[in-house]
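In: okay, sequence plus prediction incoming.
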Amino acid sequence: MSNRNLVICDREEGYAEAFAVFLMKRKELAFQVQVCGGIAQVQTVMQERPIDILLIGGAYPAAERRKLKAGKVFLLTGSGKTEADEGEIEVYKYQSGEAILAEIIRECSEEEDGDGLFIRTVKAGKMRIIGIFSPVHRSGKTGYGLKLGRELAVSGNVLYLNMELYGGIGGYFPREGRTLADILYYARQESRNIGLVLTTLVEHMDGLDYLLPARVSEDVRSVMPEEWVGLIRQIAEQSIYDVVILDIDEGLKGVYDLLRVCTEIHVPEAKDRIAKAKILQMEEELHLLGYDDVKKRMVKKETGV
């Protein structure tokens, strides 16, 4: 499907241009974005090609707005009282760009062709799945994972998932936002395009996409290995990501089976005698339990801690 034609028309030209820039930076979206300076310009665009999605400012009179036709019409409202006309979907213009985009995707994805909002990239090879794991507490693996993710995001699309029981919301991560539990909910349904859903859930950190850790430890403690594998499979098949970084907790069910999914496993380098003994015990256990393939993918990494 060719890119959808999305038009923004608002009397606050600076607002329209800023939101257009925000949308064009979202590489996963199949939008061709155009800013119009008024109703007449929108009508000219309509004559050239159909408008799939129109964001129109509520400051324009309803009589003028009725002259415009589009697949979906979103009425950008501010603090004043603006009544949406029939067929218009009201959206508050001064909320975050992510929130507005989420409303657009939510409305459009109800259609049969909702996936047309999302670019399905053809990956050159298999998705790189980097597991970060250690039996040693306070090993610096979360800081390492985020730093690695930001570095890799310079040249590719990277998603970081913190799968720890206590990921530390309010530490590395903000207190507000959607969490890993949210994407697990959608993955279990298998009726939604996970790639599309992720665009409405992820936060951003220097080019790196991420989800906050789950707020309740039981939300990850109770997840079965096959559920984790199903989530990762859907991300690999349906999203734009070239790399997924999994910050894995030793307390997860079937943790070695989850590690088996990873294409590589980074283990923070042990500093002291006790930490080295714990890693050695883990390596011996992997051999005893028949996970030599997991052991071979493990690479010791310096975290700086």
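Out: Happy to help now that I have it.

In: correct me, but residue 136 touches residue 268?
Out: Yes. The pair residue 136 / residue 268 is scored as a contact, 7.0 Å apart, by Cβ atoms under 8 Å. In this view, the C-beta of every residue, glycine as well, is placed from N, C-alpha and C.

In: tell me which of the two has more neighbours.
Out: Neighbours per residue (other Cβ atoms under 10 Å) separate residue 136 from residue 268, with residue 268 holding more: 25 against 21.

In: for the more buried one, which non-adjacent residue is spatially closest?
Out: Take residue 268 and drop its neighbours on the chain: the residue closest to it by Cβ to Cβ, 6 or more residues apart in numbering is residue 139, 4.0 Å away.

In: need the helices for the chain, in chain order.
Out: Along the chain, the segments classed as helices by DSSP state H run 13-24, 39-48, 62-65, 97-108, 141-152, 180-189, 194-201, 218-221, 225-238, 255-261, 273-288, 292-296.

In: deepest-packed of those helices, please.
Out: helix 194-201 (a mean of 21; mean count of other Cβ atoms under 10 Å).

In: what helices or strands is that one leaning on?
Out: Under the contact criterion of 3 or more Cβ pairs under 8 Å, 6 or more residues apart in numbering; DSSP states H and E, helix 194-201 touches helix 97-108, helix 180-189, helix 225-238.

In: tell me which of these sits nearest to residue 205.
Out: When those are compared by Cβ to Cβ, helix 97-108 sits nearest residue 205, at 13.5 Å.

In: give me the angle between the closest one and helix 194-201.
Out: If you take axes from the mean of the first three to the mean of the last three Cα atoms, to 10 degrees, helix 97-108 sits at 140 degrees to helix 194-201.

In: what angle separates helix 97-108 from helix 13-24?
Out: Angle, helix 97-108 to helix 13-24, by the same axes, to 10 degrees: 70 degrees.

In: pLDDT of helix 97-108, averaged?
Out: What helix 97-108 shows for mean pLDDT is 81.

In: can you list contacts of it?
Out: 19, 22-23, 26, 29, 53, 72, 74, 89, 91, 93, 114, 117, 196, 199-200 (Cβ atoms under 8 Å, 6 or more residues apart in numbering).

In: from the residues you listed, which one has the minimum pLDDT?
Out: Lowest in pLDDT among the contacts of helix 97-108 is residue 114, which has 49.

In: still on that earlier bit, got the helices and strands packed on helix 194-201 as TSV, with distance to residue 49 columns?
Out: Listed next are those as TSV, based on distance: least, Cβ to Cβ, whole Å:
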stretch	distance to residue 49
helix 97-108	18
helix 180-189	33
helix 225-238	28
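
In: so what's residue 148 up against?
Out: 130, 132, 245, 266.

In: pick out the most distant pair among those residues.
Out: Checking those with Cβ to Cβ, the most distant pair is 245 and 266, at 8.9 Å.

In: the two: who's more crowded?
Out: Comparing residue 245 with residue 266 by other Cβ under 10 Å, the one with more neighbours is residue 245, at 27 against 22.

In: bridging residues for the more buried one?
Out: Listed by DSSP bridges, the beta-bridge partners for residue 245 are residue 130, residue 160.

In: pop the domain breakdown of the protein in here.
Out: Domain assignment for the chain, taken from automatic domain parsing, gives 4-117, 128-301.

In: ranked by average pLDDT, which of the ones you listed falls at the bottom?
Out: The bottom spot among the domains of the chain, by mean pLDDT, belongs to domain 4-117, with a mean of 84.

In: take the helices of the chain and lay them out in CSV including distance to residue 126.
Out: Listed next are the helices of the chain as CSV, based on distance: least, Cβ to Cβ, whole Å:
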stretch, distance to residue 126
helix 13-24, 29
helix 39-48, 41
helix 62-65, 48
helix 97-108, 27
helix 141-152, 16
helix 180-189, 20
helix 194-201, 17
helix 218-221, 25
helix 225-238, 8
helix 255-261, 12
helix 273-288, 23
helix 292-296, 16
